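Q: From the sequence below, what's the structure:
(chains A and B)
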Amino acid sequence: MNLSRRKLLKMGLLAVCGTVIPLSALEIFKPEAAASLIHPYSEKKRWAFVVDTTKCVGCGMCVKACKLENEVPFDTDVQRTWVERYVQLKNGEVIIDSPHGARYGFTKNDPQGHDVDEAEVAKGLFVPKLCNHCEKPSCVQVCPVGATYKTDDGVVLVDRKWCIGCGYCITNCPYFARFFHPITNTADKCTFCYHRITKGLNTACSDACAFGVRKIGLINDPSSEVFKIINTERVMVLKPEYGNEPHVFYIGLDDIVR
Amino acid sequence: MSHAWRPVFVVLAVVVTMLVVRVIFVPSDFAAKNGDYKYQWHRLASEQFWKDFSVKHKGREFCQQCHSELVDKIKDSGHQNVQCENCHAMSDPAKKSHPINLKEDFGYLLDIGVDRSRELCKRCHAELSYRPPTYTTTKGTVKFKMIDPTKHNPGVECVMCHDVHTAGFKTTGK
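A: Numbering: from 1, shown residues only, chains lettered A, B, ... in the order given. Now for the predicted structure:
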């Protein structure tokens, strides 16, 4: 082999340079990354939800509207959305409750059914909860029959005809958003009111909220309020450590919220 | 033919039967959208099922068809963000009291009635120290009115003095 010293050094240097380029530097050659140079944000149609806990008074009208709209039996303690109350006492104790999913609202300072003196309360807040419609829904992964799935616009739904009621998805949701529907005998969950949002309406819960707590919108649509809030305000998601990429964003959460 | 072939035929028969059963029972529209077997493996017709679910809350525009004077009144009041259905949709069908059959005549599916109980008003107006103290309407930010239900005229219906549709007091001498 005829290799001059000059050629050896040249090729050696090239090899060293080549190996130090990290794989992530080649990201720009991915089609999605190249597209992001033209469109700074994704144009994918994706539903998302914003909950402003600083405005929530805990009236529970959202829970009532959801149950009536989605035919979830009103008097049973299962719900697609519910409101939790977090009360921290001055001695540091945190009391969490959601009587009947708050479908009758919170009318008394009685967390967990025990009357608490207003003077003892350090702080409190109401946190409405619903399905987070995760980008990587762990409930969908575990379905053995393909009865639950994510639609193209990011909504996680249950196929009532195909569900066998095994309950794997119910135990696998880190947000406890799923339950067993007592009439259809299948798993059930919030659908983001898919029948309403696909017709241009708001969800039943956000329409029922008199305080502007709940907002539904497309996360990549600059004209939607959800886009504006997520891009300009400080928002948080619940349990980000699970890696599900939840798409319900909260304003004004506190470290006592679980 | 060797006797060893027999179990092979049995296995083949079982496999073929299972495939035939599968073709009959699995709907033809069962597919993995976008090739995503992890999250989008489903019966495609199920999406249409959820799109076709009935819309029940129709909002003020629906009620306005007959009750325009009440809707105009509430739109101009402190209760402007409160929907008719928040208070008038009855969770118990027995409490339905609307004189016209909305289901037959308008295809409206909720049970409409009047709930005059204190419990309904207390959902927002019972005093809790951690309820947000202010409330924003088109008229600006106002103090959110809360009362202690044990001290504020207990045992009396709120609507005896208060007009819900104007969010004020009832006018007398009318």
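Q: can you give me the strands in the stretch 51-200 of chain A?
A: Ranges of strands within the stretch 51-200 of chain A are A:82-89, A:94-97, A:121-129, A:148-150, A:156-158, A:179-180, A:187-188, based on DSSP state E, counting those that start in this stretch.
Q: For B:Ala31, which of these is the nearest?
A: The closest of the strands of the stretch 51-200 of chain A to B:Ala31 is strand A:148-150. By Cβ to Cβ, the value is 10.4 Å. For the C-beta atoms, the positions are set from N, CA and C on the backbone; glycine is no exception.
Q: ok, and what's touching the closest one?
A: The list of residues contacting strand A:148-150 from outside it, by Cβ atoms under 8 Å, 6 or more residues apart in numbering or on different chains, reads A:137, A:139-140, A:156-159, A:163, A:169, A:187, B:33, B:39-42, B:46.
Q: burial of A:Val50, as a residue count?
A: By the criterion of other Cβ atoms under 10 Å in any protein chain shown, A:Val50 has 25 neighbours.
Q: dump the residue contacts of it.
A: A:214-215, A:217, A:225-226, A:229-230, A:235, A:248-251.
Q: Mind checking which of those residues are buried?
A: Listed as buried from those are A:214-215, A:217, A:226, A:229-230, A:235, A:248-251; burial here means 16 or more other Cβ atoms under 10 Å in any protein chain shown.
Q: Filter these down to the ones in helices?
A: Among those, the members falling in helices (DSSP state H) are A:226, A:229-230.
Q: Okay, now the unreliable bits of chain B?
A: Along chain B, segments meeting pLDDT under 70 span B:172-174.
Q: Now do the helices in it.
A: For chain B, the helices defined by DSSP H occupy B:5-25, B:45-51, B:59-64, B:68-75, B:84-88, B:102-106, B:118-125.
Q: Now the fourth one: buried residues?
A: Within helix B:68-75, the residues that qualify as buried by neighbour count (16+ other Cβ under 10 Å) are B:70-71, B:73-74.
Q: Can you name the two of those that sit furthest apart?
A: Taking Cβ to Cβ, the two most distant members of the buried residues of helix B:68-75 are B:Val71 and B:Lys73; they sit 7.2 Å apart.
Q: gap between the residue nearest to the spatial centre of chain B and chain A?
A: What sits nearest the mean C-alpha location of chain B, by Cα atoms, centre = their mean, is B:His57, with 6.4 Å. In this view, B:His57 and chain A are 5 Å apart by Cβ to the nearest Cβ, to the nearest Å.
Q: can you tell me which residues contact that residue?
A: A:65, A:68-69, A:204, A:207-208, B:83, B:85, B:89, B:110.
Q: same question, B:Lys145
A: By Cβ under 8 Å, 6+ apart, the contact set of B:Lys145 is B:His125.
Q: Give me the spatial nearest neighbour of B:Arg131, chain neighbours excluded.
A: Closest residue in space to B:Arg131, ignoring its immediate chain neighbours: A:Val57 at 4.8 Å, by Cβ to Cβ, 6 or more residues apart in numbering or on different chains.
Q: isn't that neighbour right up against B:His125?
A: No - contact criterion Cβ atoms under 8 Å: A:Val57 and B:His125 do not qualify, at 9.1 Å.
Q: between those two, which one's more packed in?
A: The neighbour count for A:Val57 versus B:His125, taken as other Cβ under 10 Å, is higher for A:Val57 (25 against 20).
Q: Helices along the stretch 151-258 of chain A, start to end?
A: With helices called from DSSP state H, counting those that start in this stretch, the stretch 151-258 of chain A shows them at A:168-172, A:194-197, A:204-208, A:225-232.
Q: domain ranges for chain B?
A: B:5-51, B:59-169 (automatic domain parsing).
Q: Could you single out the most deeply buried of those?
A: Highest mean neighbour count of the domains of chain B: domain B:59-169, a mean of 15 (counted as mean count of other Cβ atoms under 10 Å in any protein chain shown).
Q: what distance separates the start and the end of that domain?
A: End-to-end distance for domain B:59-169: 25 Å, by Cα to Cα, to the nearest Å.
Q: Next, the contact list for A:Ala33, please.
A: Listed by Cβ under 8 Å, 6+ apart, the contact set of A:Ala33 reads A:Glu27.
Q: From A:Lys64, how far off is it?
A: Between A:Ala33 and A:Lys64 the distance is 46 Å, computed by Cβ to Cβ, to the nearest Å.
Q: returning to what we had before: also within reach of chain A: list those from the buried residues of helix B:68-75.
A: For chain A, no contacts are drawn from the buried residues of helix B:68-75 by Cβ under 8 Å from any Cβ of the partner chain.
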